[in-house]
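*Asks:* Sequence first, then the predicted structure:
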Number of protein chains: 2
Amino acid sequence: LTTPSTARRPVSILDVARRAGVSASTVSRSLRGAHNVSEVTRHRVLQAAQELAYVPSPAASRLVTGLTRTIGVLVPFASRWFFSEVVSGAESALRVGGYDMLLYNIGDRASRRHFFESLPLRRRVDAVLTVASSFNEAEQAALTGLGLPLTMIGGRATGFHRVGIDEESSAATAVRHLVRLGHREVAMITGDPDDPVGRATTRARRAGFRRALREAGIEEHEQQIVSEPWGISGGVRAMEHLLSRARLPTAVFAESDEMAFGALQTLRRSGLAVPRHVSVIGFDDHEMASAADLTTIAQPVYRQGEFAARMLVDVLAGQNSAATDIVLPTRLVVRGSTGPVSEDRP
Amino acid sequence: LTTPSTARRPVSILDVARRAGVSASTVSRSLRGAHNVSEVTRHRVLQAAQELAYVPSPAASRLVTGLTRTIGVLVPFASRWFFSEVVSGAESALRVGGYDMLLYNIGDRASRRHFFESLPLRRRVDAVLTVASSFNEAEQAALTGLGLPLTMIGGRATGFHRVGIDEESSAATAVRHLVRLGHREVAMITGDPDDPVGRATTRARRAGFRRALREAGIEEHEQQIVSEPWGISGGVRAMEHLLSRARLPTAVFAESDEMAFGALQTLRRSGLAVPRHVSVIGFDDHEMASAADLTTIAQPVYRQGEFAARMLVDVLAGQNSAATDIVLPTRLVVRGSTGPVSEDRP
């Protein structure tokens, strides 16, 4: 018997075939668990493979089966927390399904252009999972042109399976919480509605904001919505805009917790107390929201990654082929950053 | 002329060979830019490839060249911010170098065991980048047994190139800042020194803490170091331990900003003011540290990912083969969470 080898020249399928006294295709069928191989032969092949410490070559098996056992994941690295939560969830479901994950950043314009020009995942993956992105027509055509199962988290596109939340209703829930506390001068801090990353989210959350204000009979002014680049520093700047106005709103709905964190920072530096002077509500339930005592709308980010990946694994196993749209629930989390309108305001 | 095809059956190298009137191996050599092909032939092949919108099959070229043009990245998903910063930096350098990134989570014991049992990256990557992990002997043998270039960020292992910071000196810098403010009752909040994730970091930062106390002539008590699982909620609990003692330290050094955020939360909920009652310093300069007004030690996380990936790209291009150890600088960032010892303490 040979001891298992750790040599650098990989043991090939031909070595196994020679040792087992069968053809290479019989080795391949035995290892894949195909039915047209006798138990005796399969046993002989497995033993030979084990003795030689044979590892099937992914490249060779890719040529035979056409499968890569890999899923391409496209993420805008912009929101670090959201992206890493989604990727963690997807990774765990892919691992269970026996798939690897090729990760691509399409967060900034340069990486996005590069990705769509070269489509590096072409012929390297069996399916594609996209996170929190909007695609223009050409980009969408490039992805559907791959002929692979596609799933999108937090967004919507023809030909994609979808996992997400009801963005508009969830945003309306946030604003209703403020209205119930007596607030009628409510501003919203959002990202850029024309930014390809998060465009769909920004638009839907704005719609929810407007809907809840309409329901409460609060007049809509354009100035109630302030736009800055998505993120903590965008939140800082957006709050600075609001502080530059003659009249401060009594409450602020931030499109994301990260923008809310920036707003809280500006308020603290301006000597304003939360919620005594201004109430602030965010969206996401970011891992830092509890530490910042931020009232928010919790969405299940890890689970969206998990669901989306599992959906692709099922589709690839032939268990699910109809386009699916899974909407996961969100919930209001009340913490210390929101409170009733106070008389004691600057 | 044929218009570029978006058909699902991929154009094969044989189609290109047929159209160009040459052999498949000539097509392969032409596209790889090999020298033994005439300019006329190369031009004919490139034109045929372009007309057919031919994309070389990664699997086929892998069989020919033995290269995957892919780097495996092993990350403990535990610290979401650190991991996503490193991955962003690595991704950008790999993209420039023409490599894809296969991402594996080895954060919890289950995923770690699964990874080392099955070594899914075997024969799928050209090199391996590991982030903030310590490996036992068997794990290290498994990785070096791959026979591939290896780089480690934030840790140290034989046979690995390394990119990191001087953990011990940087931790000592944090503690010296507290000592200069007059603090002599200083506690440290750390992760579990036996946890495979971050073990090296925890031990080195503790050593720096002890070194700075010794330098200042401050007696060392075992109780000055509190251990809880790494992360925000670990920080919450560690601060609760400190609050349970008869005498509160005047200052706390948290091993990471995330643990510091948890400590700040516990202090706020206990009605204690920072820095009036307790000064807090963290480590990392997490994206939230500024919003939390946390004094900390800034380390260049994105750049560590970038450097480590670029190093592997260089090694694979034959430009760098000696084992390298790159130490990047850190710096003290003074914000509002630290201040002089106050007389007014509870």
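*Replies:* Yes, it's here.

*Asks:* rest of the way, CA atoms for contacts and neighbours
*Replies:* Fine.

*Asks:* the strands in the stretch 51-200 of chain A, which residues?
*Replies:* Assigned by DSSP state E, counting those that start in this stretch, the strands in the stretch 51-200 of chain A fall at A:70-75, A:100-105, A:127-131, A:150-153, A:161-165, A:186-190.

*Asks:* Tabulate those in TSV, adding columns for mean neighbour count and distance to chain B.
*Replies:* Formatted as TSV, the strands of the stretch 51-200 of chain A follow (neighbours: other C-alpha atoms under 10 Å in any protein chain shown; distance: least, C-alpha to the nearest C-alpha, whole Å):
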stretch	mean neighbour count	distance to chain B
strand A:70-75	24	9
strand A:100-105	22	5
strand A:127-131	25	14
strand A:150-153	26	15
strand A:161-165	24	20
strand A:186-190	26	17
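
*Asks:* would you list every one of the helices in chain A?
*Replies:* A:13-20, A:24-32, A:39-51, A:58-65, A:80-97, A:109-118, A:137-144, A:167-180, A:199-215, A:232-243, A:257-269, A:301-316 (DSSP state H).

*Asks:* remind me which residues of the stretch 1-150 of chain A are low pLDDT?
*Replies:* Counting by pLDDT under 70, the low-confidence segments of the stretch 1-150 of chain A come to A:1-10, A:32-35, A:55-66, A:78-79.

*Asks:* hmm, back to that, which of the helices of chain A sits closest to residue A:288?
*Replies:* Among those, helix A:257-269 comes nearest to residue A:288, with 8.5 Å by C-alpha to C-alpha.

*Asks:* tell me what that closest one is packed against?
*Replies:* Taking 3 or more C-alpha pairs under 8 Å, 6 or more residues apart in numbering or on different chains; DSSP states H and E as contact, the helices and strands that helix A:257-269 lies on are helix A:232-243, strand A:279-281.

*Asks:* What helices and strands are in contact with the shortest one?
*Replies:* Using 3+ C-alpha pairs under 8 Å, 6+ apart as the contact criterion, the neighbours of strand A:279-281 among helices and strands are strand A:251-254, helix A:257-269.

*Asks:* same question, the longest one
*Replies:* Contact analysis of helix A:232-243 by 3+ C-alpha pairs under 8 Å, 6+ apart lists strand A:186-190, strand A:225-227, helix A:257-269 as its packing neighbours.

*Asks:* hmm, 7 Å instead?
*Replies:* Judged by 3 or more C-alpha pairs under 7 Å, 6 or more residues apart in numbering or on different chains; DSSP states H and E, helix A:232-243 is in contact with helix A:257-269.

*Asks:* Figure out how far the helix it packs on is from the centre of its chain.
*Replies:* 24 Å (C-alpha atoms, centre = their mean, to the nearest Å).

*Asks:* what's the answer for stretch A:97-108, then?
*Replies:* Chain-centre distance of stretch A:97-108: 11 Å, with C-alpha atoms, centre = their mean.

*Asks:* neighbouring contacts of it?
*Replies:* Defining contact as C-alpha atoms under 7 Å, 6 or more residues apart in numbering or on different chains, one finds that stretch A:97-108 is touched by A:69-78, A:91, A:94, A:111-112, A:115, A:197, A:313, B:101-103.

*Asks:* Kindly format the C-alpha coordinates of that stretch as PDB.
*Replies:* Included here for stretch A:97-108 are C-alpha records, laid out as PDB according to Å, rounded to 0.1, in the frame of the first residue of the first chain:
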ATOM      1  CA  GLY A  97     -25.100  23.000  -0.100                       C
ATOM      2  CA  GLY A  98     -21.500  22.200  -1.100                       C
ATOM      3  CA  TYR A  99     -20.800  25.400  -3.000                       C
ATOM      4  CA  ASP A 100     -17.900  27.800  -2.900                       C
ATOM      5  CA  MET A 101     -18.400  31.600  -3.200                       C
ATOM      6  CA  LEU A 102     -16.600  33.900  -5.700                       C
ATOM      7  CA  LEU A 103     -17.000  37.400  -4.400                       C
ATOM      8  CA  TYR A 104     -17.100  40.500  -6.600                       C
ATOM      9  CA  ASN A 105     -17.300  44.100  -5.600                       C
ATOM     10  CA  ILE A 106     -19.500  46.300  -7.700                       C
ATOM     11  CA  GLY A 107     -19.800  49.100  -5.200                       C
ATOM     12  CA  ASP A 108     -18.100  52.000  -6.900                       C
END
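
*Asks:* Please give me every residue in contact with residue A:117.
*Replies:* Neighbours of residue A:117 in contact, by C-alpha under 7 Å, 6+ apart: none.

*Asks:* Would you mind measuring from it to chain B?
*Replies:* Taking C-alpha to the nearest C-alpha, to the nearest Å as the measure, residue A:117 falls 13 Å from chain B.

*Asks:* Over to residue A:47?
*Replies:* Applying C-alpha to the nearest C-alpha, the value for residue A:47 to chain B is 18 Å.

*Asks:* Could you do residue A:114 as well?
*Replies:* Taken as C-alpha to the nearest C-alpha, the span from residue A:114 to chain B is 9 Å.

*Asks:* what residue is smack in the middle of chain A?
*Replies:* Central residue of chain A (C-alpha atoms, centre = their mean): residue A:131, 3.8 Å from the mean position.

*Asks:* who's in contact with that residue?
*Replies:* Residues in contact with residue A:131 (C-alpha under 7 Å, 6+ apart) are A:74-75, A:152-154.

*Asks:* quick one: which of those residues is nearest residue A:317?
*Replies:* residue A:152 (18.7 Å).

*Asks:* wait, doesn't that closest one sit right on residue A:164?
*Replies:* No. Residue A:152 is beyond contact range of residue A:164, at 8.2 Å (criterion: C-alpha atoms under 7 Å).

*Asks:* And the pLDDT at residue A:221?
*Replies:* We have a pLDDT of 75 for residue A:221.

*Asks:* And residue A:189, by the same measure?
*Replies:* At residue A:189, pLDDT is 97.

*Asks:* who's it bridged to?
*Replies:* Beta bridges link residue A:189 to residue A:226, residue A:254, judged by DSSP bridges.

*Asks:* Surely it is in contact with residue A:229?
*Replies:* No. The pair residue A:189 / residue A:229 is not scored as a contact, 10.1 Å apart, by C-alpha under 7 Å.
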